[in-house]
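Sequence plus predicted model, see below.
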Amino acid sequence: MRRKLGARSFALALLAGLLAAAAAGCAAAAKSGPGGTAGAAGGKDEKVKQVRIGYQKYGTVNFLKAQGKLDQKLQEAGYAVTWTEFPGGPQLLEALNVGSIDFGHTGEAPPIFAQAAGAPLVYLAYEQARPASEAIVVPEASPIQSVKDLKDKKVALNKGSNVHYLLVKLLEQAGLSYSDVRTVFLPPADARVAFERGGVDAWVIWDPYFAAVQTSAKARVLADGKDVVSNHEFYLASRPFAERNKEITAVLLEELNKVGAWVKANPQEVAQLLSPQLGIDIPSLELAMGRRDYGLLPINGQVIAEQQRVADTFLQIGLIPKAIKVSEALLDSQQ
């Protein structure tokens, strides 16, 4: 089992190279003073003065935003933080690809699609596996009793998201091919409407939407990710941002690790804080939070090999247009 690291030891383990560069970066920033531009649009030595973070409806980045401490810490250092919400990882990485955000988080599949499309992303860290946090669900009264019964059925999912890989692997395990089902690509909000109105036969979805449809719509779990996929959460940045702003990257990851420890120790408080912000009831949030662990881990050979298997699977069934090497989406200090 991989050992989770405390905030201080995490920063030391993951960012030894980054922090060395950060010291030089901070000195350069002190000499040059304020006036950097957003993102990585400036020259080689220009420091970012705005950090643009993409986040989804649920996750450690969302908890960090709700807590408010990152904004305060970076403001004291002369940096402004802008937050942009996305319905899923694919949409978030599209924004990163076109330079609208600098940093964000997704599941395991979106970075594969994004890298295949030429996005200049880098992996920075990841969280423990949480396979029970995503599943295929069907209406409670559905005659569908197993994944094998999905043949020729309409299955809703967010294209390119972590559940895309889950669907592929569950079908494979049941002796079906990806082409044996009729995929309907919908973002979570639209997929739930289609699911509840009978427009699709099944829905492949992740928490907290998964928990919400369980508690309020009495969805039945057909299969989840246990013993099938890892379902890691990855923290990613654009390569120009990560290479030019190593001290800010270090702060982001350290604060994420701290807030993860806070969430783990205070689940009820966090659920009460987030419920009105997300429009999701407290029982659903508590259910979702109980299905995952917290704490960042440094990128390593094992998790990159797992990601490479995802990429190879997608290439084999034609979901990405070309082969990729996941290891090329690393910083030099991670090689």
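Looks like it arrived, so ask away.

quick one, strands of this protein?
Here the chain has its strands, by DSSP state E, at 50-55, 80-85, 103-106, 121-127, 134-138, 154-157, 182-185, 202-206, 220-224, 234-238, 296-298.

need the ones you listed in TSV with distance to Val251 and mean pLDDT, can you?
All C-beta atoms are positioned from the backbone trio N, CA, C, and that covers glycine. Shown next, in TSV, are the strands of the chain (distance: least, C-beta to C-beta, whole Å; pLDDT from 0 to 100):
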stretch	distance to Val251	mean pLDDT
strand 50-55	9	97
strand 80-85	11	96
strand 103-106	11	97
strand 121-127	12	97
strand 134-138	30	98
strand 154-157	35	98
strand 182-185	36	98
strand 202-206	28	98
strand 220-224	35	98
strand 234-238	12	98
strand 296-298	13	96
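
Buried residues, stretch 109-128. List them.
Neighbour-count burial for stretch 109-128 flags 109-117, 119-128 (criterion: 16 or more other C-beta atoms under 10 Å).

measure stretch 194-201 end to end?
Start and end residues of stretch 194-201 are separated by 9 Å (C-alpha to C-alpha, to the nearest Å).

actually stretch 133-145, sorry about that
End-to-end for stretch 133-145, by C-alpha to C-alpha: 20 Å.

let's have the chain start at 34 instead
Renumbered: residue one is now 34, and that last one reads stretch 166-178.

Name the single longest helix found in this structure.
The residue-count maximum for a helix in the chain (DSSP state H) belongs to helix 279-298.

Off-centre distance for that one?
Chain-centre distance of helix 279-298: 15 Å, with C-alpha atoms, centre = their mean, to the nearest Å.

Convert that helix to PDB, retaining C-alpha atoms only.
Written as PDB, here are the backbone C-alpha positions of helix 279-298 (Å, rounded to 0.1, in the frame of the first residue of the first chain):
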ATOM      1  CA  LYS A 279       7.600  26.400  -9.300                       C
ATOM      2  CA  GLU A 280       7.100  28.100  -6.000                       C
ATOM      3  CA  ILE A 281       3.400  28.600  -6.600                       C
ATOM      4  CA  THR A 282       3.000  25.000  -7.700                       C
ATOM      5  CA  ALA A 283       4.600  24.000  -4.400                       C
ATOM      6  CA  VAL A 284       2.200  26.100  -2.400                       C
ATOM      7  CA  LEU A 285      -0.800  24.800  -4.300                       C
ATOM      8  CA  LEU A 286       0.100  21.100  -3.600                       C
ATOM      9  CA  GLU A 287       1.000  21.700   0.000                       C
ATOM     10  CA  GLU A 288      -2.300  23.500   0.700                       C
ATOM     11  CA  LEU A 289      -4.200  20.700  -1.100                       C
ATOM     12  CA  ASN A 290      -2.500  18.200   1.200                       C
ATOM     13  CA  LYS A 291      -3.400  20.200   4.200                       C
ATOM     14  CA  VAL A 292      -7.000  20.600   3.300                       C
ATOM     15  CA  GLY A 293      -7.300  16.900   2.600                       C
ATOM     16  CA  ALA A 294      -6.300  16.200   6.200                       C
ATOM     17  CA  TRP A 295      -8.800  18.800   7.400                       C
ATOM     18  CA  VAL A 296     -11.600  17.100   5.300                       C
ATOM     19  CA  LYS A 297     -10.700  13.700   6.600                       C
ATOM     20  CA  ALA A 298     -10.900  14.900  10.200                       C
END
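
Check which helices and strands it sits against.
For helix 279-298, the contact count by 3 or more C-beta pairs under 8 Å, 6 or more residues apart in numbering; DSSP states H and E identifies helix 40-47, helix 49-65, strand 83-88, helix 93-100, helix 102-109, strand 154-160, strand 267-271, strand 329-331 as packing neighbours.

Go through the strands of the chain and pick out the most buried.
Of all these, strand 235-239 carries the top mean neighbour count, a mean of 28, counting by mean count of other C-beta atoms under 10 Å.

between that one and strand 167-171, how many degrees?
Counting by axes from the mean of the first three to the mean of the last three C-alpha atoms, to 10 degrees, strand 235-239 lies at 150 degrees to strand 167-171.

Just want the angle from strand 235-239 to strand 253-257.
Computed by the same axes, to 10 degrees, the angle between strand 235-239 and strand 253-257 is 60 degrees.

just checking, what packs against strand 235-239?
strand 167-171, strand 187-190, helix 195-206, helix 221-229.

which one of the ones you listed has the most crowded surroundings?
Among the helices and strands packed on strand 235-239, strand 167-171 has the highest mean neighbour count (mean count of other C-beta under 10 Å), at a mean of 25.
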